[in-house]
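Engineer: based on what follows, work out the 3D shape:
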Amino acid sequence: MEQQPTPAPAGGVDTAVETIFRIESPRIIAGVARIVRDVGIAEELAQDALVAALEQWPRDGVPDNPGAWLTATAKHRAIDLVRRRERYARKLEEVGRDLSLSAPHHLDEPADPDDIDDDLLRLVFTACHPVLSAEARIALTLRLLGGLTTPEIARAFLVPEATVAQRIVRAKRTLATKGVAFEVPYGPEREARLGSVLEVIYLVFNEGYAATAGDDLLRPALCEDALRLARVLAELMPKEPEVHALAALLELQESRAAARTGPDGEPVLLKDQNRRRWNRMLIRRGFTALGRSSAVATGSPGPYALQAAIAACHAQAYTYEDTDWRQIATLYGLLAARAPSPVVELNRAVAVSMADGPGPALEIVDALAGEPALRDYHLLPSVRGDLLTRLGRTAEARAEFERAAALARNERERELLTARARELRGS
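Structural biologist: Residues are numbered from 1 along each chain as shown. Below you'll find the model as predicted:
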């Protein structure tokens, strides 16, 4: 006789249900979305499955495979919903032939040899669709794929919960009204759409790595979410070099996290970091991912591969003085040609200053003074202040650090820049 699950105390089961749901929800939503073709409805049905688990598991016990139970429950409800709606009659004809737990196969999907048949990957491409604004893509991705609640997303980005909720609701509505297909694009469109997916993950990580505003320099949870998404994407798309490159970049950047702040959360500059605190396991993972990127690349390196190569140069240096700044300057030059932007050029100036001195670097920085994108960017006067300090132009440097502090929205960065200006007052 088959052994029945043993009922457990309700409190412990409730916690278990919520933990399991948080882990499994991306795949549940993805599987259901393939049936109903609407991520908003799919999320509602996944939540219905969660409610059912909260009602049944305390009474009947936690199933041996709780993730499969939640997925099956959500899919059964999805099929019931399709049946009830006449406007889904044609779709019902497709899914009604097989009411098994596996997701139905849709005949309208392209039979392309490069087509990727994975529901989770379909959800990634849908949530990151370019029809949505960057803010909406980030919020929806963290909600559907990261498993974050609306309050958690709001706290992470220091915006009101109502703002995040509106972004998510509008994003779902836009995907529905625009008729965005729940699919992984193929052919030339995949490369274009993949850029949007990678950008979302990159932006989420960057906000965690150097918070735009607030009292803390780092938001580790965002870095962890982005890194997890990058790793999942690398598993789902093993032939895409830029996917592996992004994973490599994030692994290498995250490896420095423990050394980037002091005991009180104050920023520690790269030259002052204790490199023994860098996470060697993440560095090894980063180099492995970078190797995979190179192995599947067929042309010149993409933007994420170049950034990962720059991060690898830092990771290889056991001391700040050992850093191959000339190689880094060269890589930034390639990146500026591949994906030109004022921020890339500013970073190139920093590398040039270390390779060739502050004079040539200051010429690059001064040429950026009129860039609209850098008008309120605090790192422009910060870099200029550092270069002027090294050139002995103390009064000008102090004014630049004061200007940078006034522009900084992150309290920790503002404190650092103010302290640097203060140090120059007596010089």
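
Engineer: stretch 373-383 - what's its average pLDDT?
Structural biologist: If you average the pLDDT over stretch 373-383, you get 93.

Engineer: kindly check the end-to-end length of that stretch for me.
Structural biologist: End-to-end distance of stretch 373-383 (CA to CA, to the nearest Å): 16 Å.

Engineer: any idea how far that stretch is from the chain center?
Structural biologist: 24 Å (CA atoms, centre = their mean, to the nearest Å).

Engineer: same thing with stretch 295-307?
Structural biologist: Using CA atoms, centre = their mean, the offset of stretch 295-307 from its chain centre is 19 Å.

Engineer: now do the same end-to-end measure for it.
Structural biologist: Terminal residues of stretch 295-307 are spaced 17 Å apart (CA to CA).

Engineer: so what touches it?
Structural biologist: The contact list for stretch 295-307 (CB atoms under 8 Å, 6 or more residues apart in numbering) reads 198, 202, 238-242, 244-246, 248-249, 290, 293-294, 309, 331, 334-335, 338-339. No exception for glycine: its C-beta is placed from N, CA and C like everyone else's.

Engineer: now the residues you listed: which count as buried?
Structural biologist: If you count burial by 16 or more other CB atoms under 10 Å, the buried members of these come out as 198, 202, 240-242, 244-246, 248-249, 290, 293-294, 309, 331, 334-335.

Engineer: of the residues you listed, which belong to helices?
Structural biologist: Assigned to helices by DSSP state H, the following of those qualify: 198, 202, 241-242, 244-246, 248-249, 290, 293-294, 309, 331, 334-335.

Engineer: farthest pair within those?
Structural biologist: For those, the farthest-apart pair by CB to CB is 202 and 294; their separation is 19.5 Å.

Engineer: which secondary structure element of the protein has the lowest mean pLDDT?
Structural biologist: helix 89-95 (a mean of 54; mean pLDDT, DSSP states H and E).

Engineer: off-centre distance for the next helix or strand after it?
Structural biologist: Note on helix 89-95: by DSSP states H and E, the next helix or strand toward the C-terminus is helix 119-127. Remark: helix 119-127 is offset 14 Å from the chain centroid, using CA atoms, centre = their mean.

Engineer: how about residues contacting helix 119-127?
Structural biologist: By CB under 8 Å, 6+ apart, the residues outside helix 119-127 that reach it are 26-27, 29-31, 33-34, 39, 103, 137, 140-141, 144-145, 171, 175, 180, 182-185, 193, 197, 200, 229, 232-233, 236-237.

Engineer: what residues sit buried inside that helix?
Structural biologist: Under 16+ other CB under 10 Å, the buried positions of helix 119-127 are 119-127.

Engineer: can you check stretch 406-421 too?
Structural biologist: So, applying 16+ other CB under 10 Å, buried residues of stretch 406-421: 407-408, 410, 412-418, 420-421.

Engineer: what comes up buried for stretch 14-32?
Structural biologist: 16-17, 20-21, 24-32.

Engineer: tally of neighbours for residue 173?
Structural biologist: Neighbour count of residue 173, defined by other CB atoms under 10 Å: 11.

Engineer: I'd say it and residue 40 touch.
Structural biologist: Yes - at 7.3 Å, residue 173 counts as touching residue 40 under the criterion of CB atoms under 8 Å.

Engineer: in the stretch 301-427 of the chain, which spans are helices?
Structural biologist: Remark: helices assigned in the stretch 301-427 of the chain by DSSP state H, counting those that start in this stretch are 303-316, 325-338, 342-356, 358-367, 379-390, 394-407, 411-423.

Engineer: and those helices: which comes nearest residue 58?
Structural biologist: Comparing those by CB to CB, helix 411-423 comes nearest, at 44.6 Å.

Engineer: can you name every helix or strand that the closest one contacts?
Structural biologist: Judged by 3 or more CB pairs under 8 Å, 6 or more residues apart in numbering; DSSP states H and E, the packing partners of helix 411-423 are helix 379-390, helix 394-407.
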